[in-house]
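Q: The sequence isn't on hand, but the structure is:
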């Protein structure tokens, strides 16, 4: 199933509207960036083929920006029916939104300004944010013990090794496939000393 950035944008808008939360075009662009970035970092492939550009206020997909340009800085309200996104993709988007949606637009913009993909793109003609740069960056972020994306699984508290091994990229990926409540996932230690989900 081919999914576009516009499809993902509509799903994000629908989610915000259902929760009676406000989302502007600028915030939408940043959430699209983190949805794509973490999918590249965790699964080695993009959700959608669309390309980001490094605009002054952060990453932007021009076509999606134009789609909602008429709203200017006002919240986007649309009646949307989503048909082109499968359940695993929706789950990934939902998990990213749990982490990044509560942050305000300015904070998200500032975060992207401090990240390597945006910085590198601002130095080249066309200001295209390369997908391989995003993948490498988010893979490196996933390896960090204080990885922002995985903190919400423990409600901000450190989990011990038998509950959730933050040092293991394989188990980080498994958490997305099994569910968001990491404490329900049993592990056992193998003879070689490694921990694996049962």
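A: Thanks, I have it. Predicted, not measured: the structure shown is a model, and the values here were computed from it.
Q: In a strand, residue 2, correct?
A: No. Read with DSSP: H, G, I helix; E, B strand; the rest coil, residue 2 is coil and lies in no strand.
Q: count of neighbours near it?
A: 7 (other Cβ atoms under 10 Å). For the C-beta atoms, the positions are set from N, CA and C on the backbone; glycine is no exception.
Q: go on, residue 80?
A: Counted with other Cβ under 10 Å, residue 80 comes out at 15.
Q: Ok, residue 27 next?
A: Using other Cβ under 10 Å, residue 27 is surrounded by 24 other residues.
Q: in what helix or strand does the residue minimising distance to the centre of the chain lie?
A: By Cα atoms, centre = their mean, the mean C-alpha position of the chain lies nearest to residue 35, the distance being 2.8 Å. Using DSSP states H and E, residue 35 falls within helix 25-43.
Q: Where does the spatially closest residue to residue 33 that is not a sequence neighbour sit: helix, strand or coil?
A: With Cβ to Cβ, 6 or more residues apart in numbering as the criterion, residue 33 has its nearest non-adjacent residue at 4.1 Å, and that residue is residue 59. The three-state label given to residue 59 by three-state DSSP is strand.
Q: about what we covered before: ok, the residue nearest to the centre of the chain to residue 140 distance?
A: Taking Cβ to Cβ, to the nearest Å as the measure, residue 35 and residue 140 are separated by 18 Å.
Q: repeat for residue 5
A: From residue 5 to residue 140 the distance is 24 Å (Cβ to Cβ).
Q: Between those two, which is the more surrounded one?
A: residue 5 (23 against 12).
Q: State the pLDDT value of the more buried one.
A: Residue 5 is assigned a predicted lDDT (pLDDT) of 96.
Q: pretty sure it is in contact with residue 64, am I right?
A: Yes. Counting by Cβ atoms under 8 Å, residue 64 is a contact partner of residue 5 at 5.2 Å.
Q: Need the overlap of contacts for those two.
A: Common neighbours of residue 5 and residue 64 (criterion: Cβ atoms under 8 Å, 6 or more residues apart in numbering): 32, 50.
Q: in the helix holding residue 35, what counts as buried?
A: Applying a neighbour-count criterion of 16 or more other Cβ atoms under 10 Å, one finds 25-42 buried in helix 25-43.
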